[in-house]
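Peer 1: structure, please.
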Amino acid sequence: MRQSIRILSLSIVLVLAADPALAARKKPPVAAPAPAAAPAPQPAGNTAATVYKDGVALHQAAATSSPTLATLAKGSTVEVDRQDGLWFNVKTPPGAAGFVKINEVRLAQAKGGGNDGYSMFGGRPKPGETAGVRGISTEDLRGATYDPAAVAQMDTLRVDDAAARAYAGRDHLQATQVAYKKEPGIGQGHRDTSGSSEDTQVHAAENSAAKKGLFGMIGSQFGVGGRVTDSAADAMPKSEQEIYDEEIAMGPQIAGRVLSVMPIWNNPQAQQRVNTIGRWVALQTPRDDLPWTFVVVDSPTMNAFAAPGGYIMITRGLYEVLASDDEVAAVLGHEISHVVSRDHYNVIRKQAMTSIALNVGTDKFVGALGKSGANPFAQKLAGYFAKEGAAVLLTGFDKSVEYRSDVASMVYTARAGYNPLAMYAVLQKLEAAADPGRTGNLLSTHPGIESRLDNLDKHGIEAVSQYTDRPYTMAMR
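Peer 2: Below you'll find the model as predicted:
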């Protein structure tokens, strides 16, 4: 029987518990059939690329068994005409044409006319729309109001585990055991917490000591006594269940603000597709218990966002250039990794605590720490979250966090039965379409594309190399 959860004076849950959007979690998931078929993106133009490896074979067809037409030297340039599965159809300066593997060249940033990378891979702007129209910025998110109706609509798109498994079965996607040494050991703990467990008691004691030390440092800055700071530390979340509840509370609040700036795309097939694929990928992670919810937002920019609790958003601009379910899975897998590791949750909580400690006067700080329920401290936390919560999605993480999520995506997609090389394809497209209007926000919060590709070569491909020969189709499976 689970240990009772104590009311938390500092908990975000207390601030947000009355939110009607949270009730959506208790509703039965909406089962959805497998994604409907859709045509593959049609390329419109070409872009330059540089051969990345020595002795790259230029094949006559998109298969390693096809004849080799030439051997390309590292650093030589080619022109990419189109993508064919995990191959690029290229032309060399002497006039030869053939196919090279998608990870053997690096696309250049191509701009202008019909030859930009966005158009080349199937992007279709609306009439009169430019890349910057209805984009997203930090100021947009800070000023955005919460849209509960949009969150409720997003929740209706959610599919259940059975629908995801049915999709995988129909498409012959076999769940595969793939080890991942950096996978965080979190998730599911709220379902297993027991007050009688010795390990649980030891962990709680360690957490309590650490929190009391933290509040002791803060208290010393304000002249707060040890008894008050100890009480404050005890009130902070200790259990997996409490942290889980905070994530569930944060997710809709952030998503609701993003959706007020970027509305849900009116494309039921796309929404069904991302929710089915996303749920299937999420089932391959340690946090399959979260109420994972995915949505395509109506913006021509190329980006994706993850909010705590499993709320994941991908822009129409990025979705339209993804040529296969494998590539959709790769994008969603990267964002799923952020949720699995609680990246945004940890940033939000850290920033909120710092902001509150620096801005609350000594008298209010003492009073807040000594009380429970709705107090000035909790109100400050609510105010901070309303002002900054969604903007945290455009806060850059340490490079290692983004590198880890790229690698995790390859592992998760391999576990889900997809071809993990899809991550290379996605990054190549982001590089080819790189311009301030379309990918400026993404590039401002992520490491350079080339360095991300380099990291996959060094730390990602080896663990999943045996799965890179899996089928990979340009249209939906």
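Peer 1: show me where pLDDT drops low in the stretch 1-150 of the chain?
Peer 2: Residue ranges of the stretch 1-150 of the chain with pLDDT under 70: 1-45, 110-117, 130-141.
Peer 1: quick one, helices of it?
Peer 2: Listed in chain order, the helices of the stretch 1-150 of the chain (DSSP state H, counting those that start in this stretch) span 12-16, 117-120, 138-143, 148-156.
Peer 1: could I get the buried residue list for the one helix or strand Asp454 maps to?
Peer 2: Using DSSP states H and E, the element containing Asp454 is helix 449-455. Using 16 or more other Cβ atoms under 10 Å as the test for burial, helix 449-455 gives Ile449, Arg452, Leu453, Asn455. Yep, even glycine has a C-beta here, placed from its N, CA and C like the rest.
Peer 1: ok, now which ones touch the closest residue to the third one other than its chain neighbours?
Peer 2: By that I understand Leu453. Leaving aside its chain neighbours, Leu453 sits nearest to Leu427 (5.5 Å; criterion: Cβ to Cβ, 6 or more residues apart in numbering). By Cβ atoms under 8 Å, 6 or more residues apart in numbering, the residues touching Leu427 are Asp406, Ile449, Arg452, Leu453, Leu456.
Peer 1: where's the first one relative to Arg124, distance?
Peer 2: With distances defined as Cβ to Cβ, to the nearest Å, the gap from Asp406 to Arg124 amounts to 27 Å.
Peer 1: share the number of residues neighbouring Glu129, please.
Peer 2: Glu129 is flanked by 13 other residues according to other Cβ atoms under 10 Å.
Peer 1: now the strands for the chain?
Peer 2: Ranges of strands in the chain, per DSSP state E, are 47-51, 56-59, 68-72, 77-84, 87-91, 97-101, 105-107, 293-297, 304-307, 311-315.
Peer 1: next, the buried residues of the shortest one.
Peer 2: For strand 105-107, the buried set under the neighbour-count rule, 16+ other Cβ under 10 Å, comprises Val105, Arg106, Leu107.
Peer 1: can you list the buried residues of helix 449-455 in JSON lines and add pLDDT and distance to Leu322?
Peer 2: Formatted as JSON lines, the buried residues of helix 449-455 follow (pLDDT from 0 to 100; distance: Cβ to Cβ, whole Å):
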{"residue": "Ile449", "pLDDT": "83", "distance to Leu322": "16"}
{"residue": "Arg452", "pLDDT": "90", "distance to Leu322": "17"}
{"residue": "Leu453", "pLDDT": "90", "distance to Leu322": "17"}
{"residue": "Asn455", "pLDDT": "91", "distance to Leu322": "21"}
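Peer 1: just the closest of these to Asp161, please.
Peer 2: Arg452 (31.0 Å; Cβ to Cβ).
Peer 1: so that closest one sits right up against Val407, yeah?
Peer 2: No. Using Cβ atoms under 8 Å as the test, Arg452 is too far from Val407 to be in contact (9.9 Å).
Peer 1: ok, Tyr412 - contacts?
Peer 2: Val281, Gln284, Thr285, Ala329, Gly333, Ile336, Ser337.
Peer 1: so what pLDDT did the fifth one get?
Peer 2: Think Gly333. pLDDT recorded at Gly333 is 97.
Peer 1: distance of His459 from Val178?
Peer 2: Distance of His459 to Val178, given as Cβ to Cβ: 14 Å.
Peer 1: actually Asn46, not the one I wrote
Peer 2: Applying Cβ to Cβ, the value for Asn46 to Val178 is 35 Å.
Peer 1: before we move on, what about Val261?
Peer 2: To Val178, Val261 is 36 Å away according to Cβ to Cβ.
Peer 1: could you do Glu462 as well?
Peer 2: 12 Å.
Peer 1: higher neighbour count, these two?
Peer 2: Neighbours were tallied for Glu462 and for Val178 using other Cβ under 10 Å; the higher tally belongs to Val178 (18 against 10).
Peer 1: how about the helices in the stretch 301-450 of the chain?
Peer 2: Along the stretch 301-450 of the chain, counting by DSSP H, counting those that start in this stretch, helices occupy 316-319, 325-340, 343-359, 362-369, 376-388, 399-415, 422-432, 436-445, 449-455.
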